[in-house]
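Visitor: One predicted model, sequence on top.
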Amino acid sequence: MQFSTAFRPRLIDALRGYTKSRWLADVGAGVTVGIVALPLAMAFAIASGLKPEAGLWTAIIAGFLISALGGTNAQIGGPAGAFIVIVYGIVERYGVANLLISTACAGIILVLLGLFRLGTLVRFVPVSIVIGFTNGIAVLIALSQVKDWLGLSIDRMPGNFFSQVSALARHIDTFNPYAFGLGLACVALLVIWPRLFLKDSPVIRLLEGHKVRQFARVPAPVVALVVLSLLAWAFSFPVETIGSRFGGIPQGLPVFALPAFSWETVRLLVTPTLTIALLGAIESLLCARVADQLATDPHHKKHDPNQELMAQGAANMIVPFFGGMPATGTIARTVTNIRSGATSPVAGMVHAATLAIIVLVGAPLALHIPLAVLAGILLFVAWNMGEWHEFVRLKRFSNHYRLLMLSTFFLTVVFDLTVAVEVGLFMACALFVRRMSGLFRAVRQPDVAPTPGADLFAQVAATARPVATWRLHGALFFGAAAKIDPIIQAVETGPPGMDVELDACELVALDTTGLDALEQILKAVAARGGRLSVTHLHEQPRSLIERSGFADRLAAQGGASVDV
């Protein structure tokens with residue numbers, strides 16, 4: 001583990017040789033993403049059991065800090081759909097104040113992960129686990145929005161899957177067709193709007209104007225939010241709105257406040273804190289990798305995972321003091337940023353400033369936004385978030401992959417993400433050990449009469465002692481150590497004075513348990529009056545054998561340890 005005090009935001013390098021054309025491109029991209037972030041930030045907060053302003057100011061403050069301090073060129077930070085289930089559960093179980101404490105503590109953990117240069121370890125999480133919990137979270141997000149989409153009269157939705165299904169079933173008689181219609185229209189607009197202005201679409205052919213295609217630049221969520229809110233307001237639809245549930249959004253800057261803090265509370269929040277930190281790290285670094293793959297700008301450089309974690313940590317440490325929620329990298333907004341022409345972190349900072357201006361100027365207008373419309377936006381987000389095609393592709397993969405992915409998916413849906421990731425990682429380790437142990441083999445080689453004068457067996461040849469050779473394949477570690485037993489049995493039942501050679505030319509790794517297995521072979525051979533020789537060692541096994549003193553014990557009984 002290496003500690004580093006290097007703190008170099010990507011913004012510093014990005015501003016070298018910064019030109020007016022790049023500035024204009026970043027401003028255009030930032031304004032576009034800021035508009036896209038408006039409905040998403042409110043929807044994520046409401047779905048998490050918080051007020052809409054919590055999501056908005058998280059997108060503003062955290063979005064600015066993550067861009068200004070992060071290790072990527074184009075990543076956009078803010079509240080994410082992946083946090084909805086986690087935040088809702090923490091709010092329901094521990095309260096909003098403890099959510100703020102948990103978020104700040106998670107920020108400290110993220111900073112430490114970056115300082116100790118552990119950003120690359122996040123990549124060790126198997127893709128099957130990532131897909132499993134991503135799809136599980138998407139299902140839970142969609143389920144949590146059914147209440148507002150159908151306009152059901154439920155005071156507060158429970159936090160677990162079966163209770164939510166039960167509550168929805170009990171209140172289905174309160175179905176509101178107006179809310180359902182708005183939500184359905186919202187999803188339809190989100191699907192259709194980008195397709196209306198494609199090059200060969202009927203709209204373009206009918207109107208025959210290239211300027212018409214400029215409407216495609218207006219983000220679909222904004223179109224749905226504005227059009228359907230005006231429709232509901234103009235016709236006075238009897239649906240619940242932000243104003244009727246929350247009383248609107250405060251038109252002003254958030255107030256700095258310290259939540260009540262005690263070490264006793266922090267000890268109770270260890271599990272949710274670790275969950276927020278782990279999920280934030282995984283989401284942000286996955287998002288950064290997606291950005292690296294999509295970026296075509298010549299100024300783009302691959303992300304620095306450790307710097308990115310420190311930026312994410314700093315944002316999550318500060319946001320709670322302004323009533324915010326956990327923040328991380330957001331794939332949808334990052335992709336929008338890249339496709340809008342962003343060239344540097346300046347675009348992310350402009351996105352935050354744009355959102356702040358909209359909130360400060362237009363907060364009163366949010367009173368009329370129907371919650372069913374926000375539910376429709378989140379249903380669309382959940383659908384795009386899930387990698388549903390992976391279920392179809394399961395038949396192409398091994399049983400190990402299927403077990404990991406499906407277990408993580410069902411545990412996420414039925415229990416929670418913490419249990420799913422913990423069990424998933426345990427199963428991944430167990431299945432990996434099983435697979436690696438299955439690859440190890442100790443194969444008896446045909447007996448060859450010793451040749452006088454051979455370098456390795458000169459002593460054996462001189463006395464014409466019998467020699468038995470085994471070739472070791474794979475990794476000899478704790479999961480495979482039992483496969484050495486046949487060698488010991490062959491030695492114990494073989495002729496007295498038999499020498500044993502272990503050909504390690506295909507032994508790629510050795511751990512202390514494997515070394516102990518070699519010690520048992522040495523004892524068995526010595527007890528029968530023979531000598532053990534380990535040959536053709538690669539670097540890692542040779543290093544362990546030499547450091548442990550096993551090489552000296554081989555030499556003491558006349559054996560040899562030869563490196564190639």
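Guide: Perfect, I can see it now.
Visitor: Quick check: buried residues in the helix or strand where residue 192 lies?
Guide: Residue 192 is located in helix 177-196, with elements delineated by DSSP states H and E. Neighbour counts over helix 177-196 (16 or more other Cβ atoms under 10 Å) mark 178-183, 185-187, 189-190, 193, 196 as buried. All C-beta atoms are positioned from the backbone trio N, CA, C, and that covers glycine.
Visitor: Stretch 82-102 now?
Guide: In stretch 82-102, counting by 16+ other Cβ under 10 Å, buried: 82-91, 94, 96, 98-102.
Visitor: Stretch 360-367 now?
Guide: Buried residues in stretch 360-367, counted by 16+ other Cβ under 10 Å: 363, 366-367.
Visitor: what sits up against it?
Guide: 42, 52, 241-243, 248-253 (Cβ atoms under 8 Å, 6 or more residues apart in numbering).
Visitor: Run through the helices of the stretch 201-350 of the chain in chain order.
Guide: Using DSSP state H, counting those that start in this stretch, the helices of the stretch 201-350 of the chain run over residues 202-207, 220-234, 242-246, 263-268, 270-294, 305-318, 331-339, 346-362.
Visitor: and residue 163, what does it touch?
Guide: With Cβ under 8 Å, 6+ apart as the criterion, no residue contacts residue 163.
Visitor: would you say it is within a helix?
Guide: Yes. Checked against DSSP: H, G, I helix; E, B strand; the rest coil, residue 163 lies within a helix.
Visitor: Count the neighbours of the closest residue to residue 381 other than its chain neighbours for me.
Guide: Nearest residue to residue 381, sequence neighbours excluded (Cβ to Cβ, 6 or more residues apart in numbering): residue 81, at 5.3 Å. For residue 81, the tally of surrounding residues (other Cβ atoms under 10 Å) stands at 25.
Visitor: from the buried residues of stretch 82-102, which ones fall inside helices?
Guide: Counting by DSSP state H, these place 84-91, 94, 96, 98-102 in helices.
Visitor: in the strand or helix carrying residue 375, what counts as buried?
Guide: In the assignment (DSSP H and E), residue 375 maps to helix 371-385. Across helix 371-385, burial judged by 16+ other Cβ under 10 Å covers 371-382, 385.
Visitor: now those in JSON lines, with distance to residue 330 and pLDDT?
Guide: Listed next are these as JSON lines, based on distance: Cβ to Cβ, whole Å; pLDDT from 0 to 100:
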{"residue": "371", "distance to residue 330": "22", "pLDDT": "92"}
{"residue": "372", "distance to residue 330": "23", "pLDDT": "94"}
{"residue": "373", "distance to residue 330": "20", "pLDDT": "93"}
{"residue": "374", "distance to residue 330": "17", "pLDDT": "91"}
{"residue": "375", "distance to residue 330": "19", "pLDDT": "92"}
{"residue": "376", "distance to residue 330": "19", "pLDDT": "92"}
{"residue": "377", "distance to residue 330": "14", "pLDDT": "91"}
{"residue": "378", "distance to residue 330": "14", "pLDDT": "88"}
{"residue": "379", "distance to residue 330": "17", "pLDDT": "92"}
{"residue": "380", "distance to residue 330": "15", "pLDDT": "90"}
{"residue": "381", "distance to residue 330": "10", "pLDDT": "86"}
{"residue": "382", "distance to residue 330": "14", "pLDDT": "88"}
{"residue": "385", "distance to residue 330": "11", "pLDDT": "82"}
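Visitor: wait, which of those residues is closest to residue 151?
Guide: Nearest to residue 151 out of those is residue 372 (Cβ to Cβ; 6.3 Å).
Visitor: who's in contact with that closest one?
Guide: Neighbours of residue 372 in contact, by Cβ under 8 Å, 6+ apart: 148-149, 151, 176, 178-180, 182-183, 186, 239-240.
Visitor: how much space between it and residue 14?
Guide: Distance, residue 372 to residue 14, using Cβ to Cβ, to the nearest Å: 41 Å.
Visitor: quick revisit: from the buried residues of helix 177-196, which has minimum pLDDT?
Guide: pLDDT across the buried residues of helix 177-196 is lowest for residue 196, at 77.
Visitor: quick one: low-confidence parts of the chain?
Guide: Filtered on pLDDT under 70, the chain yields the residue ranges 1-5, 197-217, 448-464, 558-564.
Visitor: what ranges do the strands span in it?
Guide: With DSSP state E as the criterion, the chain has strands at 77-78, 328-329, 441-444, 467-476, 499-510, 532-537, 561-563.
Visitor: Any chance of TSV for those strands, columns mean neighbour count and distance to residue 517?
Guide: Output for those, formatted as TSV (neighbours: other Cβ atoms under 10 Å; distance: least, Cβ to Cβ, whole Å):
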stretch	mean neighbour count	distance to residue 517
strand 77-78	34	49
strand 328-329	29	44
strand 441-444	14	10
strand 467-476	20	7
strand 499-510	20	9
strand 532-537	23	12
strand 561-563	16	16
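Visitor: Which one, of those, ends up nearest to residue 138?
Guide: strand 328-329 (16.0 Å).
Visitor: from the chain's centre, how far out does that closest one sit?
Guide: Distance, stretch centre to chain centre, for strand 328-329: 10 Å (Cα atoms, centre = their mean, to the nearest Å).
Visitor: Over to stretch 178-185?
Guide: For stretch 178-185, the distance to the chain centre is 33 Å (Cα atoms, centre = their mean).
Visitor: and what of stretch 66-75?
Guide: Centre-to-centre, stretch 66-75 and its host chain are 17 Å apart (Cα atoms, centre = their mean).
Visitor: Stretch 54-64 now?
Guide: For stretch 54-64, the distance to the chain centre is 21 Å (Cα atoms, centre = their mean).
Visitor: residues in contact with that stretch?
Guide: Stretch 54-64 is contacted from outside by 37-38, 40-46, 48, 76-79, 249, 254, 315-316, 318-319, 322-327, 348-349, 351-353, 355-356, 359, using Cβ under 8 Å, 6+ apart.
Visitor: List the residues that contact the nearest residue in space to residue 191 that is not next to it in sequence.
Guide: Nearest residue to residue 191, sequence neighbours excluded (Cβ to Cβ, 6+ apart): residue 380, at 7.5 Å. Residues counted as contacts of residue 380 (Cβ under 8 Å, 6+ apart) are 186-187, 190-191.
Visitor: Over to residue 468?
Guide: Contact analysis of residue 468 by Cβ under 8 Å, 6+ apart lists 444, 447, 490-491, 494, 498-501.
Visitor: Could you export these as JSON lines, including distance to residue 539?
Guide: Shown next, in JSON lines, are the contacts of residue 468 (distance: Cβ to Cβ, whole Å):
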{"residue": "444", "distance to residue 539": "26"}
{"residue": "447", "distance to residue 539": "30"}
{"residue": "490", "distance to residue 539": "29"}
{"residue": "491", "distance to residue 539": "28"}
{"residue": "494", "distance to residue 539": "32"}
{"residue": "498", "distance to residue 539": "30"}
{"residue": "499", "distance to residue 539": "26"}
{"residue": "500", "distance to residue 539": "23"}
{"residue": "501", "distance to residue 539": "20"}
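Visitor: Of the residues you listed, which is the nearest to residue 417?
Guide: The shortest approach to residue 417 among the contacts of residue 468 belongs to residue 444, at 48.9 Å (Cβ to Cβ).
Visitor: one step back: now render the contacts of residue 380 as JSON lines, adding distance to residue 529.
Guide: Listed next are these as JSON lines, based on distance: Cβ to Cβ, whole Å:
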{"residue": "186", "distance to residue 529": "84"}
{"residue": "187", "distance to residue 529": "81"}
{"residue": "190", "distance to residue 529": "81"}
{"residue": "191", "distance to residue 529": "80"}
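Visitor: Out of the residues you listed, which comes closest to residue 306?
Guide: Ranked by distance to residue 306 (Cβ to Cβ), those are led by residue 190 at 36.3 Å.
Visitor: Correct me if wrong: that closest one contacts residue 220.
Guide: Yes. Look at residue 190 against residue 220 with Cβ atoms under 8 Å: they come within range, at 4.8 Å.
Visitor: For the stretch 451-564 of the chain, which segments count as helices?
Guide: Assignment of helices within the stretch 451-564 of the chain using DSSP H, counting those that start in this stretch yields the ranges 458-463, 485-493, 512-527, 539-548, 550-556.
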